[in-house]
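Asker: Give me a model of this one.
(one chain, ligands or ions: 1)
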Amino acid sequence: MKEQDPITKVIRIHSERTNEMEHSSPLFLTSSFVFENAESMRAAFADETDDNIYSRFSNPTVQEFTDRICALEGAEAAYATASGMSAIFASFMTFLKKGDHLLSCNAIFGSTHTIIKKYLPNYGIECSYVSADKPGEWEAAIRPNTKMIYLETPTNPGLDIIDLAFAGELAKKHNLILNVDNCFATPVNQRPIDFGAHLVVHSATKWMDGQGRVLGGVIAGKKELIHDIYMFCRSTGPALAPFNAWVLSKSLETLDVRMERHASNALYIAKALENHPKISWLRYPSLPSHPQYAIAIKQMKNGGGIVCFNLKGGIESGRNFLNNLQMLSLTANLGDTRSIASHPASTTHAKLTEEERMAVNITPGLIRISTGLEYAGDILDDIVQALEKC
Ligand SMILES: Cc1ncc(COP(=O)(O)O)c(C=O)c1O
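Answerer: The predicted structure follows:
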């Protein structure tokens, strides 16, 4: 039989059926697992068998989630964590040690920036930023002690697109680990491993859950690298809870159809607002007006579910816009069935200096819309009426 498409695989992969012959995935809500006798327990602890020991190490429900992630990302292995941030932190701490250098794209999620700027230097790890929109400068920033390149594409919240084929080649040439946060695109839309990434990290809290219920994270990649991550996490404890894994695993079955609707709604809104008189610029990856449109259509199946735009009136207009929305939610999340509006300069990226924000295009009037699954016309109507009042 010919190999199944990842979309089919993600729906059909499931943990071993129990004696109850359930159709949907069972939930193994247990902290630990029992052994028949002392010898099987010894063998499990000696890594001579794959038996589950304790849910900080492994759990069948979590395993189902990571097996499905591997099918979607085209990865050899994956380890699931309690949140996206614990996935990112584990991917740094497993491979970077005192004296190593991390080269990161400057346009990254606010908490990732905090890890890089505030915590990694405490461990003697050097970090420097390169611009998302100046790939020509990246190679010169590589040092003899550089170990990893880290990037997001599309970036949060500015929607810069980084050429994954370029980053993959650069990492290969200099023998570096390429670590990509694929949260915004999701693996049904973009597969960084196909372009040479060694590690892919996710906040599963966003589009993967897609319904704003649970936190989760995952790191996928080469088997040897994921084994190292597993050893780090097994001892340090950021494991994904089985209940959250069950929720996330079931959600992956509908990720592809949900992302298609999120993206078609986002494109509809982006096209309608592009020339709105209150907006100075709007970005959506699959609109030809996006500065990296050519790269976006090369590596992404669609433009994703996020649209961002800048209000001509700056910070005051930003506040007025949020205050006048009647349907869109003001909440610290994205990737939900419900459309969400946010103002990054005063929330997620408030810890950056004004200069750092401007370097990654987070202008005072920047609004980020996470397009939900509501009827597209209703989302647009709410945005337009709020724009008229700001
Ligand atoms: C691109 C990106 N990476 C990582 C994270 C962190 O994920 P979590 O909130 O699940 O820890 C977020 C959260 O918004 C994000 O947008």
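
Asker: what comes up buried for the helix or strand hosting F321?
Answerer: Element membership of F321, judged by DSSP states H and E, is helix 314-324. For helix 314-324, a neighbour-count test (16 or more other CB atoms under 10 Å) marks 317-318, 321-322 as buried. Quick note: C-beta positions are derived from backbone N, CA and C, even for glycine.

Asker: which strands and helices sit next to it?
Answerer: Contact here means 3 or more CB pairs under 8 Å, 6 or more residues apart in numbering; DSSP states H and E; on that basis helix 314-324 packs against strand 306-311, strand 366-370, helix 376-388.

Asker: Adding mean neighbour count and distance to the ligand, write the ones you listed out as JSON lines.
Answerer: Output for the helices and strands packed on helix 314-324, formatted as JSON lines (neighbours: other CB atoms under 10 Å; distance: least, CB to the nearest ligand atom, whole Å):
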{"stretch": "strand 306-311", "mean neighbour count": "25", "distance to the ligand": "9"}
{"stretch": "strand 366-370", "mean neighbour count": "25", "distance to the ligand": "10"}
{"stretch": "helix 376-388", "mean neighbour count": "17", "distance to the ligand": "20"}
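
Asker: Is it possible to get a markdown table of these that adds mean pLDDT?
Answerer: Shown next, in a markdown table, are the helices and strands packed on helix 314-324 (pLDDT from 0 to 100):
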| stretch | mean pLDDT |
| --- | --- |
| strand 306-311 | 97 |
| strand 366-370 | 97 |
| helix 376-388 | 98 |
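
Asker: how about the strands of the stretch 51-200 of the chain, start to end?
Answerer: Using DSSP state E, counting those that start in this stretch, the strands of the stretch 51-200 of the chain run over 77-81, 101-105, 126-130, 146-152, 177-181, 199-203.

Asker: winner for burial among the ones you listed?
Answerer: Comparing the strands of the stretch 51-200 of the chain by mean neighbour count (mean count of other CB atoms under 10 Å), strand 199-203 ranks first with a mean of 29.

Asker: Can you find the residue of the stretch 101-250 of the chain that comes nearest to the ligand?
Answerer: For the stretch 101-250 of the chain and the ligand, the shortest gap (CB to the nearest ligand atom) falls at S203, measuring 3.0 Å.

Asker: I'd like the distance between the residue in the stretch 1-150 of the chain that the ligand sits nearest to and W207.
Answerer: Proximity of the stretch 1-150 of the chain to the ligand (CB to the nearest ligand atom) peaks at G84, 2.4 Å away. In this view, G84 and W207 are 11 Å apart by CB to CB, to the nearest Å.

Asker: In this structure the residue of the stretch 101-250 of the chain closest to the ligand contacts F184, no?
Answerer: No: with contact defined as CB atoms under 8 Å, S203 does not count as touching F184 (9.4 Å).

Asker: Buried ones in stretch 249-262, by neighbour count?
Answerer: Residues of stretch 249-262 classed as buried: 249-253, 255-256, 258-259, 261-262 (neighbour count, 16+ other CB under 10 Å).

Asker: can you check stretch 356-369 too?
Answerer: Under the neighbour-count criterion of 16+ other CB under 10 Å, stretch 356-369 has 357, 360-369 buried.

Asker: Could you dump the strands of the stretch 51-200 of the chain into JSON lines with mean pLDDT added?
Answerer: Converted to JSON lines, these look like this (pLDDT from 0 to 100):
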{"stretch": "strand 77-81", "mean pLDDT": "98"}
{"stretch": "strand 101-105", "mean pLDDT": "98"}
{"stretch": "strand 126-130", "mean pLDDT": "97"}
{"stretch": "strand 146-152", "mean pLDDT": "98"}
{"stretch": "strand 177-181", "mean pLDDT": "98"}
{"stretch": "strand 199-203", "mean pLDDT": "98"}
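
Asker: Quickly list what's touching both of G84 and W207.
Answerer: Both G84 and W207 are contacted by C183, under the criterion CB atoms under 8 Å, 6 or more residues apart in numbering.

Asker: Skip the chain neighbours and tell me the closest residue to L159.
Answerer: R283 (4.6 Å; CB to CB, 6 or more residues apart in numbering).

Asker: what's near enough to touch the one you found?
Answerer: By CB under 8 Å, 6+ apart, the contact list for R283 reads 158-159, 290, 307-309.

Asker: Could you rerun that using 7 Å?
Answerer: Contacts of R283 were listed using CB atoms under 7 Å, 6 or more residues apart in numbering, and they are 159, 290, 308.

Asker: Same question for S280.
Answerer: 310, 312.

Asker: State the phi and psi torsions of it.
Answerer: Backbone torsions of S280, given as degrees, to the nearest 10, read phi -90, psi -30.

Asker: And for R283?
Answerer: phi -120, psi 130.

Asker: Quickly list what it is bridged to.
Answerer: C308 (DSSP bridges).

Asker: and it, how far is that from F184?
Answerer: Using CB to CB, R283 is found at 12 Å from F184.

Asker: Next: N333.
Answerer: N333 is 13 Å from F184, where distance means CB to CB.

Asker: Among the two, which residue is more densely surrounded?
Answerer: F184 (28 against 16; other CB atoms under 10 Å).

Asker: Pull the number of nearby residues for the closest residue to that one other than its chain neighbours.
Answerer: Closest residue to F184 apart from its sequence neighbours, by CB to CB, 6+ apart: P154 at 4.6 Å. Using other CB under 10 Å, P154 has 30 other residues around it.
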